[in-house]
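Asks: Sequence first, predicted coordinates after that:
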Amino acid sequence: MFTVRAIYLLTIGLMLFLLLFLSLNAGISGDEPVHYQHSEYVSNYFSSGKTDLAAINTPDTHLKYYGQVFDNISYSLNSLLNTSSPYTVRHIMNALTGFLLILFSSLIAVALRGYRTGILTALLLFLSPRILGHSLNNLKDIPFALGYIMTIWGLVKSMQLFPKIRLAPMLAIAFGFGIAFGTRAGGLILIPIVLLFSFLNWLSVTKLKEWTLFNSWRPGIKLFGALMLAIVVGYTLGVLYWPYALLDPLRNPLEALKMMTHYEVSIRQVFNGEWVWSEKLPWYYGGKWILISSPVAILAGFVIHFIFVKDTSKQISWPVLSLLYFSSLFPLFWTVIKDSNLYGGWRHLLFIYPVICIVSGLGWVWLYKRFSSILGKIFLTALIMVGLTGPAIHIIKNHPVEYVYFNKLAGGITKANGKYETDYYFHGVKKAVSWLENELNARACFDSVIVASNFPIGDYYRDNPPPFSNIYMNYYIRGKFNWDYGIFSSTYIDPAQLRNNNWPPENTIFEVCVDQVPVCVVIERRNKYDLEGLSQYRQSRFSEADSLFSLSLETDPDNETALLYLAWTRKHMGLLNSSDSLADIILRRHPLSDNALDLKARNAISAGNYNQAEKILNQLLIQNYKFPPAHKQKEILEKKK
């Protein structure tokens, strides 16, 4: 007969096996190549006796502000093993990190309400597609979340044991804080959390009349000393492998924290059906993402616990309960207060999600115990299982792109496509690369093939030359380069184009789908008339260019480059109405085309229609205030008016 504890251990062990297994087929995430490169710079910094400063001079990536401790460890491990598959090692490490995240989260639940709650918390986390997907190849946000939850576990245990002080909780606080801080400077938030809630816990167990007695303060002073030692150890661990922090261990981490709070990088994101620069996203961005992409069963459990908090938490002290709610909700509110620059879904907030799952598990277990009849308990168990079946099926069907998940509140990915980012981390590229490699192998035409992509697919062949030539490019300028096959993710595709089913193009030969929605495709170039036409255009041979662009569009009507340059060709030929008509075709297929609107504004200026030109330019600057040609045309227009 299995005990609940045995079932818990079996469940945790199975999750470890599955995570390691799934990691072997994980794709390379959008951030991995640059972080892998930076970990090499860090290694060179130390091996050169701190004379190689590439790890500190990072004006483009800003990675000197990251500790990225697990990235650095994975690079050292790769160097030690001399492996030809560095990303596989990274992904295995990532899976182990994700497992530890689930383990410590479930251990908090066990400490609060027993193994049944621990099992449910582990299941809620493992069957959260966003967490599972990031646990396979995100060595930035998952390690930070691990450090955060390790510290919370150590804090909860120390609060429960007080006035006794035990080594295990202190080590968890030290290493947890070290991991979080050594990954991102934002880990510094754990210092006030640890000290504040330890103090509140001391207040809760100390009677008011005893506050003036030294003996009442003695246990608190001892605990404070132990906590400060753990924090100092964690801080030291955090900066040991962080070159920029080592230059000034006190000032530089604070500078990094300030920089991370208002991150300078701006990325255009799809949100609420619009293309928005990340620094202009609405205040509710992070909260809405959590609501639409977390399994409804988890949100429901959290709400149950919140509504019936007095009853659900009778066995939990108010300082511990306050810690759970604070650590799950305050960071979200803080990003709103500080107007933080978030992007890429809510991956920057993944660290609060395990605590949300713990509270959710507590809520469901409380409700389960409220039922006195067996039938009631069976019904509730079945309800929870049904709530988690959808996410489980999604994970099974869509690996390795399982993190692209939207719940029933969002209408699933079918309704979310074109309204929110889908495969923003490019996980689907792996399937496309594998399929195309097999296809080219069958055709025996590797040597002469050039593959284009909006993701650097060369990293899939980092230590081995790829079997084809490859170039990196934006999807919308693909007609300007020489290539034969293209691998293009739906990331950075016009959201209106996605909603109107005007993507992928007709010459698509393979699709990577999430529930029938394509997130990455392989396209085959049918001709190179557009490339030849561009050559003629650049030589001002507009008649020849016109013929060639027209030929290209006969077999590839979705070719935005051919349409745009044909429109420009007609403009140079004095055919402004024809140029406008072609620009309108682009806008019907790609409504947020900056280049098409820019051309229409120029045509209006050339025709003397200044009011119309001003209207178009205003529209263009509303949709993309960072489009330089629009500002230049505004200046020209002002001079002509």
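Replies: Arrived safely.

Asks: mind checking how far the lowest-mean-pLDDT helix or strand in the chain is from the chain centre?
Replies: Ranked by mean pLDDT, DSSP states H and E, the weakest helix or strand in the chain is helix 309-312, scoring a mean of 81. Distance, stretch centre to chain centre, for helix 309-312: 34 Å (CA atoms, centre = their mean, to the nearest Å).

Asks: so where is this structure shaky, pLDDT-wise?
Replies: Low-confidence segments of the chain (pLDDT under 70): 1, 208-212, 214, 263-264, 446-447, 463, 641.

Asks: Strands of that one, residue ranges please.
Replies: Using DSSP state E, the strands of the chain run over 268-271, 274-277, 450-453, 469-472, 485-489, 508-514, 517-524.

Asks: okay, the angle between the fifth one and strand 508-514?
Replies: Yep, that's strand 485-489 we're talking about. On the basis of axes from the mean of the first three to the mean of the last three CA atoms, to 10 degrees, strand 485-489 is oriented at 20 degrees to strand 508-514.

Asks: Now do strand 485-489: which elements does it pack against?
Replies: Counting contacts by 3 or more CB pairs under 8 Å, 6 or more residues apart in numbering; DSSP states H and E, strand 485-489 packs against helix 429-443, strand 450-453, strand 517-524. (Each C-beta comes from the backbone N, C-alpha and C, glycine too.)

Asks: Can I get the strands of the chain in JSON lines including mean neighbour count?
Replies: As requested, the strands of the chain are arranged in JSON lines below (neighbours: other CB atoms under 10 Å):
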{"stretch": "strand 268-271", "mean neighbour count": "21"}
{"stretch": "strand 274-277", "mean neighbour count": "16"}
{"stretch": "strand 450-453", "mean neighbour count": "22"}
{"stretch": "strand 469-472", "mean neighbour count": "16"}
{"stretch": "strand 485-489", "mean neighbour count": "25"}
{"stretch": "strand 508-514", "mean neighbour count": "19"}
{"stretch": "strand 517-524", "mean neighbour count": "23"}
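
Asks: Please name the nearest non-neighbouring residue to Ile165.
Replies: The shortest distance from Ile165 to any non-neighbouring residue, by CB to CB, 6 or more residues apart in numbering, is to Ala226 (5.1 Å).

Asks: so the one you found makes contact with Arg166?
Replies: No. At 9.5 Å, Ala226 does not count as touching Arg166 under the criterion of CB atoms under 8 Å.

Asks: Which residue of those two possesses the greater neighbour count?
Replies: Ala226 (19 against 13; other CB atoms under 10 Å).

Asks: What's the separation between Leu553 and Gln497?
Replies: The gap separating Leu553 from Gln497 is 17 Å, by CB to CB, to the nearest Å.

Asks: same check, this time on Thr83
Replies: Applying CB to CB to Thr83 and Gln497 gives a distance of 41 Å.

Asks: Equivalent analysis for Ser158, please.
Replies: Taking CB to CB, one finds Ser158 at 54 Å from Gln497.

Asks: Between those two, which is the more surrounded one?
Replies: Ser158 (25 against 21).

Asks: contacting residues around the more buried one?
Replies: 165-166, 169-170, 173, 198, 223, 227 (CB atoms under 8 Å, 6 or more residues apart in numbering).

Asks: repeat for Pro33
Replies: 456, 459.

Asks: Same question for Leu599.
Replies: 564, 567-568, 571, 579, 583 are the contacts of Leu599 under CB under 8 Å, 6+ apart.

Asks: So which of the residues you listed is surrounded by the most neighbours?
Replies: Ala583 (28 neighbours).

Asks: What are the boundaries of the helices in the stretch 1-150 of the chain?
Replies: Along the stretch 1-150 of the chain, the segments classed as helices by DSSP state H, counting those that start in this stretch run 4-23, 32-47, 69-81, 86-113, 115-126, 129-134, 141-161.

Asks: Cys513: what's its closest spatial neighbour, skipping adjacent residues?
Replies: Using CB to CB, 6+ apart, the nearest residue to Cys513 is Val519, at 6.8 Å.

Asks: repeat for Ser550
Replies: In space, Ser550 is closest to Leu566, 6.7 Å off (CB to CB, 6+ apart).

Asks: number of nearby residues for that neighbour?
Replies: Leu566 is flanked by 28 other residues according to other CB under 10 Å.

Asks: List the contacts of the spatially closest residue to Asn595 that is not a sequence neighbour.
Replies: Nearest residue to Asn595, sequence neighbours excluded (CB to CB, 6+ apart): Leu564, at 5.6 Å. Taking CB under 8 Å, 6+ apart, we find Leu564 in contact with 582-583, 586, 593, 595-596, 599.

Asks: Then Ile304?
Replies: Contacts of Ile304 (CB under 8 Å, 6+ apart): 312, 360, 363-364, 366-367.

Asks: what does the least confident helix or strand of the chain contact?
Replies: 304-305, 321, 362-363, 366.

Asks: which pair in the residues you listed spans the largest distance?
Replies: Ile304 and Leu321 (14.6 Å; CB to CB).

Asks: Which parts of the stretch 501-641 of the chain are helices?
Replies: Using DSSP H, counting those that start in this stretch, helices in the stretch 501-641 of the chain cover 529-538, 542-555, 560-572, 576-589, 594-606, 610-623, 628-640.

Asks: same deal with the stretch 301-450 of the chain?
Replies: In the stretch 301-450 of the chain, the segments counted as helices under DSSP H, counting those that start in this stretch are 309-312, 318-337, 353-370, 374-398, 412-416, 429-443.

Asks: tell me what the third one is packed against?
Replies: Put plainly, it is helix 353-370. helix 86-113, helix 115-126, helix 129-134, helix 141-161, helix 296-307, helix 309-312, helix 318-337, helix 374-398.

Asks: Mind putting the ones you listed into a markdown table with distance to Trp503?
Replies: Shown next, in a markdown table, are those (distance: least, CB to CB, whole Å):
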| stretch | distance to Trp503 |
| --- | --- |
| helix 86-113 | 28 |
| helix 115-126 | 33 |
| helix 129-134 | 23 |
| helix 141-161 | 28 |
| helix 296-307 | 29 |
| helix 309-312 | 46 |
| helix 318-337 | 31 |
| helix 374-398 | 19 |
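
Asks: quick one, which of those helices is nearest to Tyr625?
Replies: Counting by CB to CB, Tyr625 lies closest to helix 318-337 out of those; the figure is 22.6 Å.

Asks: so Ala230 makes contact with Met170?
Replies: Yes. The criterion here is CB under 8 Å, and Ala230 meets it with Met170 at 4.8 Å.

Asks: quick one, which of those two is more surrounded?
Replies: Ala230 (25 against 19).

Asks: Contacts only, for the more buried one.
Replies: 154, 170-171, 173-174, 177, 194 are the contacts of Ala230 under CB under 8 Å, 6+ apart.

Asks: And for Ile191?
Replies: Per CB under 8 Å, 6+ apart, neighbours of Ile191: 177, 231.

Asks: Same check on Tyr424?
Replies: 30, 269, 344-345, 491.

Asks: which of the residues you listed has the most neighbours?
Replies: Counting neighbours by other CB under 10 Å, the top entry in the contacts of Tyr424 is Gly345, with 25 neighbours.

Asks: Excluding chain neighbours, give the residue nearest to it in space.
Replies: Nearest residue to Gly345, sequence neighbours excluded (CB to CB, 6+ apart): Trp289, at 5.4 Å.

Asks: Leu637 too?
Replies: Ala613 (5.6 Å).

Asks: Number of residues surrounding that neighbour?
Replies: Around Ala613 there are 24 residues (other CB under 10 Å).

Asks: and it, how far is that from Ala604?
Replies: Counting by CB to CB, the gap from Ala613 to Ala604 is 4 Å.
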